[in-house]
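For reference, the sequence and a predicted model appear below.
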There are 2 protein chains.
Amino acid sequence: MTNSTTEKLITLEEINAMSRLYKINLINSLSGYKSANLIGTKDSNNKENLAIFSSVVHIGSSPPLLAFITRPHTVPRHTLENINETGFYTINHISAAFYKEAHHTSAKYPKDNSEFRMTGLTPEYIGNFSAPFVRESNVKIGMKHKESIEIKINDTIMVIGEIQFFIVPESSIKSEGNIALNELDIVTISGLDTYHKPHYLDRMPYARPHQKI
Amino acid sequence: MTNSTTEKLITLEEINAMSRLYKINLINSLSGYKSANLIGTKDSNNKENLAIFSSVVHIGSSPPLLAFITRPHTVPRHTLENINETGFYTINHISAAFYKEAHHTSAKYPKDNSEFRMTGLTPEYIGNFSAPFVRESNVKIGMKHKESIEIKINDTIMVIGEIQFFIVPESSIKSEGNIALNELDIVTISGLDTYHKPHYLDRMPYARPHQKI
């Protein structure tokens, strides 16, 4: 840290006393950079839904599992409802080319107004997989719902799914399996609404005790 | 997507047949960019531990909760053991100035070799909070353990804690509460081991139906 900056200590009591929006912006910034994904679903009447999430996390590789956190059932949550109805969904990475359209999926549309139609993003169906992908996305993942875990402490839900297949540009997969997200223009989110484009810094070797840093 | 790239579809069966390391690198890339944090703990004998995590996520703002995912008890996991023993830990954002040292905390040291000593990062104690912070970090968060949730499907654990206080440079907190992580040189991780420095792209307004994108 540079010496010219003044450090600010903020306590739990001060956080709890903040106005709602200030607090949401602040606390959402504190986990660090977040993934930026669009989750595509359909309901049992084939109505499409598309919603932005910044809470998709890696849970494990064997089996290949991703999770995301969603709000309670107490407000309309079309993504969760559709996953519960159909069992399938898609995760589509957001790139710099369409982050504005992706962000707009957070507007509260009634169920009849598909976010695909309202944003101009293109639904894409792959094989016989029932949920819609986002054609514009460079990383498209077909997911099967496996488990929903209630987080009772604040009445949220962690939705866990298994990767059924995914599609990426072949050139982005490097020799050891890592995908160069930076070559695909994928963005990251801080807080609720701030988009950033990561620039590659370094790939580090597997760390062993007593090696030179 | 540019037309010059060939898309590659990879199925669950192909994933399951991959070699362990290739698969870990690949699947860890599929959630998108990840947060980069050092978690600081002490055991009941005051032995310090510091470990890198890329799974810290925001769970909620009222109360202010962060979670992270960790591996099973079946292998030594000093961070989890220490949190269970003491109930407190720290989350410290990793910046470009010390990502190499941060990465090195993933080397498997026995419990007597503090990762602080082995990396040169500086333990810092704040007030009477028992767990060590990382002095070099620009975003330091004191956490109280609230709940651990077993993810039975792959035997991992989600550790949930409440923010007790945090310290950031005052100038990084903007007028609506968002913290400008990009001004603090905070990094993001893709896959297991690749570090990136995000560059600010845009802050988007709250999305309302039918507004112009």
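In hand now; what should we look at?

List the buried residues in the longest strand along chain A.
The longest strand of chain A (DSSP state E) is strand A:156-169. For strand A:156-169, the neighbour count (16 or more other Cβ atoms under 10 Å in any protein chain shown) marks A:156-169 as buried. Backbone N, C-alpha and C define where each C-beta goes, glycine included.

beta partners of A:Leu9?
B:Ile167 (DSSP bridges).

just checking, A:Thr119 touches A:Glu101?
Yes - with contact defined as Cβ atoms under 8 Å, A:Thr119 reaches A:Glu101; the gap is 4.2 Å.

residues in contact with A:Met143?
A:66, A:88-91, A:131, A:161-164 (Cβ atoms under 8 Å, 6 or more residues apart in numbering or on different chains).

Ignore what I typed, I meant A:Ser114.
Contacts of A:Ser114 by Cβ under 8 Å, 6+ apart are A:47-50, A:123.

I'd like the secondary structure assignment at the residue lying closest to A:Leu201 once chain neighbours are set aside, please.
Spatially, and ignoring its direct neighbours in sequence, A:Leu201 is nearest to B:Tyr195 (4.4 Å; Cβ to Cβ, 6 or more residues apart in numbering or on different chains). With DSSP: H, G, I helix; E, B strand; the rest coil as the basis, B:Tyr195 sits in strand.

So which of the contacts of A:Ser114 is the closest to B:Thr79?
A:Leu50 (36.8 Å; Cβ to Cβ).

what do A:Thr119 and A:Glu101 both touch?
B:Ile213.

So what sits opposite the residue nearest to A:Leu201 in the bridge?
Here B:Tyr195, judged by DSSP bridges, has bridge partners A:Asp202, B:Ile189.

give me the number of residues near it?
21 (other Cβ atoms under 10 Å in any protein chain shown).

and what of A:Arg71?
Neighbours of A:Arg71 (other Cβ under 10 Å): 15.

unless I'm mixing things up, it is touching A:Met158, no?
No - when contacts are counted by Cβ under 8 Å, A:Arg71 is not listed as touching A:Met158 (11.7 Å).

related to what we said a few turns ago, and the longest strand of chain A, what does it pack against?
Where contact means 3 or more Cβ pairs under 8 Å, 6 or more residues apart in numbering or on different chains; DSSP states H and E, strand A:156-169 is packed against strand A:64-70, helix A:78-86, strand A:140-151, strand B:7-11, helix B:12-16, strand B:140-151.

Tell me which residues of the last one come out buried.
Burial within strand B:140-151, assessed by neighbour count using 16+ other Cβ under 10 Å, is assigned to B:140-143, B:145-146, B:149, B:151.

tell me which of those is nearest to B:Gly177?
The nearest one, if we look at the buried residues of strand B:140-151 relative to B:Gly177 and count by Cβ to Cβ, is B:Ile141, at 15.5 Å.

which residues does that closest one bridge with?
Here B:Ile141, judged by DSSP bridges, has bridge partners B:Ile91, B:Phe166.

how much space between it and B:Ile83?
The spacing between B:Ile141 and B:Ile83, counted by Cβ to Cβ, to the nearest Å, is 14 Å.

repeat for A:Thr6
Distance of A:Thr6 to B:Ile83, given as Cβ to Cβ: 31 Å.

what's the distance between the least confident helix or strand in chain A by mean pLDDT and the middle of its chain?
Within chain A, no helix or strand scores below helix A:115-119, which has a mean of 91 by mean pLDDT, DSSP states H and E. In this view, helix A:115-119 has its centroid 18 Å away from the chain centroid, taken as Cα atoms, centre = their mean, to the nearest Å.

hmm, the helix or strand just after that helix in reach of chain B?
Proceeding N to C from helix A:115-119, the next assigned helix or strand is strand A:123-124, under DSSP states H and E. No - contact of strand A:123-124 with chain B (Cβ under 8 Å from any Cβ of the partner chain) is absent, the minimum separation being 11.2 Å.

Parallel or antiparallel, which strands does strand A:123-124 pair with?
strand A:133-134 (antiparallel).

Pull the contacting residues for A:Ser55.
A:34-35, A:68-70, B:57-58 are the contacts of A:Ser55 under Cβ under 8 Å, 6+ apart.

Tell me the secondary structure at it.
A:Ser55 falls in the coil class when you classify it by three-state DSSP.

Do you know the pLDDT at the residue nearest to it when sequence neighbours are not counted?
In space, and not counting its chain neighbours, A:Ser55 is closest to A:Ile69: 4.1 Å by Cβ to Cβ, 6+ apart. Looking at A:Ile69, its pLDDT reads 95.

Now do A:Thr119: how many residues are near it, please.
By other Cβ under 10 Å, neighbour count at A:Thr119 equals 23.

about what we covered before: including distance to B:Arg203, could the helices and strands packed on strand A:156-169 go into TSV?
As requested, the helices and strands packed on strand A:156-169 are exported to TSV (distance: least, Cβ to Cβ, whole Å):
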stretch	distance to B:Arg203
strand A:64-70	22
helix A:78-86	24
strand A:140-151	27
strand B:7-11	32
helix B:12-16	36
strand B:140-151	23
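
and of these, who's closest to B:Ile39?
That would be strand B:140-151 among the helices and strands packed on strand A:156-169, by Cβ to Cβ, at 8.4 Å.
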